[in-house]
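J.: return a 3D structure for these sequence lines:
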Amino acid sequence: MVDSSISWGPTASIDNLRSRALILQKIRAFFAERDVLEVETPLLSSSASTDPFLDSFVTCYQGPGAAQGRSYYLQTSPEFAMKRLLAAGSGPIYQICKSFRNGESGDYHNPEFTMLEWYRPGYNHHDLMDEVEALICALLGCGGAERLTYRTLFMTHLGLDPHTATPELLSRCAASRGLVVEGHDEEDRDTWLALLLTHCIEPNLGAEKPLFIYDYPASQAMLARLRGGDPAVAERFELYVRGMELANGFHELCDAAEQRLRFESNLSTRRALGLAEVPMDGALLAALDAGMPACAGVALGIDRLVMLVTGSERLGQVMSFPIDRA
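T.: Numbers count the residues shown, from 1 in each chain. Next up, the predicted model:
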């Protein structure tokens with residue numbers, strides 16, 4: 001007997017799915033005009049993201065060959081495999097693919113989502129912001145984007161310098177706005193900065209036009225190069241449109257030794273937080289050591305982009321079947 005109570009239909013309208021398909025066509029045409037190669041890389045990897053704020057899905061391969069019984073992780077992004085292609089001489093590349101992050105669900109999140117990621121050898125983060133702007137304006141039909149440094153953003157909205165403010169000053173700023181951190185290290189500046197950004201600043205970003213935030217604190221470099229100075233900053237940017245974070249880009253770190261140190265630091269943080277131990281990507285480190293070209297790269301959320309184009313309020317309105325109907 002068929003269970004008639006099962007909600008089997010898509011959560012997105014057919015019109016929104018048509019709009020999604022058209023957006024993907026336009027993205028591919030954009031890169032074809034610029035001679036950027038579309039690539040595919042595996043969704044499964046023998047390594048995982050060491051980022052303490054990302055939780056990977058894990059599975060076990062049961063079959064013939066040397067990989068029998070080995071654990072594999074669903075990618076949180078295609079970044080590491082794409083960088084191996086860059087080191088092999090691919091030239092400029094892009095990919096539209098599924099990525100997976102366990103535990104992320106809500107109006108703007110789904111554990112399985114679609115990502116556009118691309119890399120430009122010879123570009124820095126400012127060059128790549130130009131190209132991201134060209135793509136977004138073509139798809140959204142908007143004018144040019146605004147650009148602000150991370151420091152200017154905090155000075156303008158909160159009247160404090162994020163590079164020099166102490167944890168005590170940041171906590172007082174948060175408390176004055178009714179924000180409390182629980183279950184985190186209250187001496188960690190980046191925890192306070194992230195809280196203030198997401199709760200006090202982010203909802204209003206890009207309201208009138210797309211907004212790039214760039215030159216993040218060095219402690220938030222992730223996979224970006226550091227630029228010396230007082231203070232040193234990470235050559236990283238994020239794009240916001242109508243209060244939504246849409247893209248995250250870097251002038252990419254190419255130093256294998258520095259990348260290993262960052263992975264090891266992440267693993268140390270994971271251990272301190274009691275999180276699962278995961279294997280770092282030795283293949284990426286070997287590719288960096290072999291010589292990945294200087295480049296800039298960016299990851300852009302396709303589902304959020306479709307939300308903006310269609311005027312939708314939730315990811316479920318632009319996905320056929322989000323997690324609760326998968």
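
J.: show me the strands in the stretch 51-200 of the chain, by range?
T.: Secondary structure of the stretch 51-200 of the chain (DSSP state E, counting those that start in this stretch): strands at 58-60, 71-74, 93-100, 112-121, 146-149.

J.: quick one: which of the ones you listed is nearest residue 138?
T.: Minimum separation from residue 138 across the strands of the stretch 51-200 of the chain (Cβ to Cβ) falls at strand 112-121, 13.5 Å. For glycine as for every other residue, the C-beta is placed from the backbone atoms N, C-alpha and C.

J.: who does that closest one pair up with?
T.: In the sheet, strand 112-121 lines up against strand 93-100 (antiparallel), strand 295-301 (antiparallel) (DSSP bridges).

J.: can I get those strands in TSV including mean neighbour count?
T.: Formatted as TSV, those follow (neighbours: other Cβ atoms under 10 Å):
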stretch	mean neighbour count
strand 93-100	20
strand 295-301	23
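
J.: output these in CSV, with mean pLDDT and distance to residue 29 appended to each entry.
T.: Formatted as CSV, these follow (pLDDT from 0 to 100; distance: least, Cβ to Cβ, whole Å):
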stretch, mean pLDDT, distance to residue 29
strand 93-100, 98, 12
strand 295-301, 98, 16
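
J.: any chance of these in CSV, with distance to residue 289 too?
T.: CSV is the format used below for the strands paired with strand 112-121 (distance: least, Cβ to Cβ, whole Å):
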stretch, distance to residue 289
strand 93-100, 20
strand 295-301, 16
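
J.: just tell me which of those strands ends up closest to residue 139.
T.: Judging the strands paired with strand 112-121 by Cβ to Cβ, what sits closest to residue 139 is strand 295-301, at 10.3 Å.

J.: which other residues reach that closest one?
T.: 77, 79, 82-83, 86, 113-125, 127-128, 132, 239, 246-252, 254 (Cβ atoms under 8 Å, 6 or more residues apart in numbering).

J.: tabulate the CA atom coordinates of that strand in CSV.
T.: The C-alpha trace of strand 295-301 is given here as CSV (Å, rounded to 0.1, in the frame of the first residue of the first chain):
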residue,chain,number,x,y,z
CYS,A,295,46.4,32.6,-8.5
ALA,A,296,43.1,33.8,-7.0
GLY,A,297,40.1,31.6,-6.4
VAL,A,298,36.5,32.1,-5.2
ALA,A,299,33.6,29.9,-4.1
LEU,A,300,30.0,31.1,-4.8
GLY,A,301,26.8,29.6,-3.6
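
J.: top helix in the chain by residue count?
T.: Identified as the longest helix of the chain according to DSSP state H is helix 14-33.

J.: show me which positions of that helix end up buried.
T.: Buried residues in helix 14-33, defined by neighbour count with 16 or more other Cβ atoms under 10 Å: 16, 17, 19, 20, 23, 24, 27, 30, 31.

J.: next secondary structure after that helix?
T.: strand 37-38 (DSSP states H and E).

J.: other SSEs contacting that following strand?
T.: Judged by 3 or more Cβ pairs under 8 Å, 6 or more residues apart in numbering; DSSP states H and E, strand 37-38 is in contact with strand 93-100.

J.: which stretch of helix or strand covers residue 293?
T.: Assigned by DSSP H and E, residue 293 falls outside every helix and strand.

J.: what distance separates stretch 269-281 from the centre of its chain?
T.: Counting by Cα atoms, centre = their mean, to the nearest Å, stretch 269-281 is centred 20 Å from the centre of its parent chain.

J.: mean confidence for it?
T.: Rounded to a whole number, the mean pLDDT of stretch 269-281 is 94.

J.: what lies in contact with it?
T.: Contacts of stretch 269-281 (Cβ under 8 Å, 6+ apart): 45-50, 52, 55-56, 73, 80, 260, 263-264, 267.

J.: which two among the residues you listed are spaced furthest apart?
T.: Using Cβ to Cβ, those span at most 22.2 Å, a distance reached by 55 and 260.

J.: drop anything exposed from the contacts of strand 295-301.
T.: 77, 79, 82-83, 86, 113-121, 123-125, 128, 132, 239, 246-252, 254.

J.: where do the helices of the stretch 101-250 of the chain begin and end?
T.: Using DSSP state H, counting those that start in this stretch, the helices of the stretch 101-250 of the chain run over 125-140, 150-158, 167-176, 189-196.

J.: can I get those in a markdown table with mean pLDDT and distance to residue 215?
T.: Compiled in a markdown table, the helices of the stretch 101-250 of the chain are given as follows (pLDDT from 0 to 100; distance: least, Cβ to Cβ, whole Å):
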| stretch | mean pLDDT | distance to residue 215 |
| --- | --- | --- |
| helix 125-140 | 98 | 9 |
| helix 150-158 | 97 | 6 |
| helix 167-176 | 93 | 19 |
| helix 189-196 | 93 | 14 |
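
J.: distance check, the closest residue to residue 102 other than its chain neighbours against residue 127.
T.: Nearest residue to residue 102, sequence neighbours excluded (Cβ to Cβ, 6 or more residues apart in numbering): residue 55, at 4.1 Å. To residue 127, residue 55 is 33 Å away according to Cβ to Cβ, to the nearest Å.
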